[in-house]
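[1] Build the 3D model from these lines:
(chains A and B)
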2 protein chains.
Amino acid sequence: MELFEAIHTRRSIRKYQDREVPFDLIKKILAAAMMAPSTGDARTWHFILVTDPDKKARIREVHPYVKMVTKAPLGILVCGDLSREKFPGFWPQDCSAAMQNLLLAAHASGLGAVWTGIHPIEDRITRFKEIFDLPDHIHPLGLAVIGWPAQERTAEERYTEECIHHNRWQDRASTGI
Amino acid sequence: MELFEAIHTRRSIRKYQDREVPFDLIKKILAAAMMAPSTGDARTWHFILVTDPDKKARIREVHPYVKMVTKAPLGILVCGDLSREKFPGFWPQDCSAAMQNLLLAAHASGLGAVWTGIHPIEDRITRFKEIFDLPDHIHPLGLAVIGWPAQERTAEERYTEECIHHNRWQDRASTGI
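    Next up is the predicted model:
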């Protein structure tokens, strides 16, 4: 799929077919995630594949917006590794760039996915660390829930001039550059 | 450009030709940035286009890694709007996803770009807020420096099995799913 088409047609997908995602395809998506830029090229990310029904059931108990995970073939928990940071505090940006690559790669592969947030909500962080035996230096950023889509969502344009400013803050966008 | 090709061939580019970036192309790249997912669909981003030589010179004084900005035709300062957040604390993730779309869109358009970090370094935040007259609720995430590339960088694979885990944390990746 062409890049701009992938970016403009990707939507959050929360309903999935009862069908596995082959491991080769998961690897292709993770390889795309790992191509993200990172601060000082520190590559602070880890990915925990979630396929175990017991883990999915426990996740569902501790996060208000992941009910669909028990019907999804796959979750991918994106985590930051603080021991790898060259510039402290930047891991959420590295991992968010990786997550965005992951979502685009899933969409371009015909899968549907949704990014559910964990960091910086303390209670969710603690519970996910317990469920996945994360050591102190590994922090969960968010969970991508992934599967073959069982819903269709049309593309939605989000472009707005009001978010564009020229050389300084302006409450309304100016008309030229 | 095909999505996986764009993801796998994008590199940070820091040397640029002395040539403008047309505003129509800038808009296309910003439209891609604004298609990012955001927490609660809050779209917490703003983009300040930096073309003024005086602003570029001031940026260069306050950030150790943006020397190239004075020779680049364009900077895009990606900012978070805290007044738009539905879930407090998530704006850096929203804006990082937008930044990643922006970098991919620039690359697929033949441009070169590099993401330089600002948030969460307090001193840089303060100085960028001064330079761009940012109100209290607008926080700079990072600056993308952009131009037509004057350097070639070969693709570099970053895939590593050690970052992949199955259903719980493991210090080494397991072999199956």
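[2] if you average pLDDT over stretch A:135-148, what comes out?
    Averaging pLDDT along stretch A:135-148 gives 98.
[3] Restricting to C-alpha, output that stretch in PDB.
    Output in PDB follows, covering the C-alpha atoms of stretch A:135-148 (Å, rounded to 0.1, in the frame of the first residue of the first chain):
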ATOM      1  CA  PRO A 135      11.500  -5.700  35.700                       C
ATOM      2  CA  ASP A 136      11.900  -2.200  37.200                       C
ATOM      3  CA  HIS A 137      13.600  -0.700  34.100                       C
ATOM      4  CA  ILE A 138      10.800  -1.900  31.700                       C
ATOM      5  CA  HIS A 139       7.800   0.400  31.500                       C
ATOM      6  CA  PRO A 140       4.600  -0.300  29.400                       C
ATOM      7  CA  LEU A 141       3.700   2.500  27.000                       C
ATOM      8  CA  GLY A 142       0.600   1.100  25.400                       C
ATOM      9  CA  LEU A 143      -1.100  -2.000  24.100                       C
ATOM     10  CA  ALA A 144      -1.900  -2.500  20.400                       C
ATOM     11  CA  VAL A 145      -4.900  -4.800  19.900                       C
ATOM     12  CA  ILE A 146      -4.700  -6.500  16.500                       C
ATOM     13  CA  GLY A 147      -6.700  -8.800  14.300                       C
ATOM     14  CA  TRP A 148      -8.300  -9.300  10.900                       C
END
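[4] hmm, it touching chain B?
    Yes: using C-beta under 8 Å from any C-beta of the partner chain, stretch A:135-148 reaches chain B at A:135, A:138, A:141-142. For glycine as for every other residue, the C-beta is placed from the backbone atoms N, C-alpha and C.
[5] next one: that stretch to chain centre, how far?
    8 Å (C-alpha atoms, centre = their mean, to the nearest Å).
[6] and A:Glu85, how many residues sit next to it?
    Using other C-beta atoms under 10 Å in any protein chain shown, A:Glu85 has 18 neighbouring residues.
[7] which residues does it contact?
    A:39, A:42, A:44, A:91 (C-beta atoms under 8 Å, 6 or more residues apart in numbering or on different chains).
[8] can you tell me which residues contact the first one?
    Applying C-beta under 8 Å, 6+ apart to A:Thr39 gives the contacts A:85-87, A:90-91, A:93-94, B:117.
[9] Mark which of those are part of strands, please.
    Taking DSSP state E, the ones among these that sit in strands are B:Gly117.
[10] List buried members of the contacts of A:Thr39 by neighbour count.
    Buried members of these, counted by 16 or more other C-beta atoms under 10 Å in any protein chain shown: A:85, A:87, A:90-91, A:93-94, B:117.
[11] Nearest to A:Ala32 among those?
    A:Asp94 (14.7 Å; C-beta to C-beta).
[12] Ignoring the adjacent residues along the chain, who's closest to the closest one?
    Closest residue in space to A:Asp94, ignoring its immediate chain neighbours: A:Ser38 at 3.8 Å, by C-beta to C-beta, 6 or more residues apart in numbering or on different chains.
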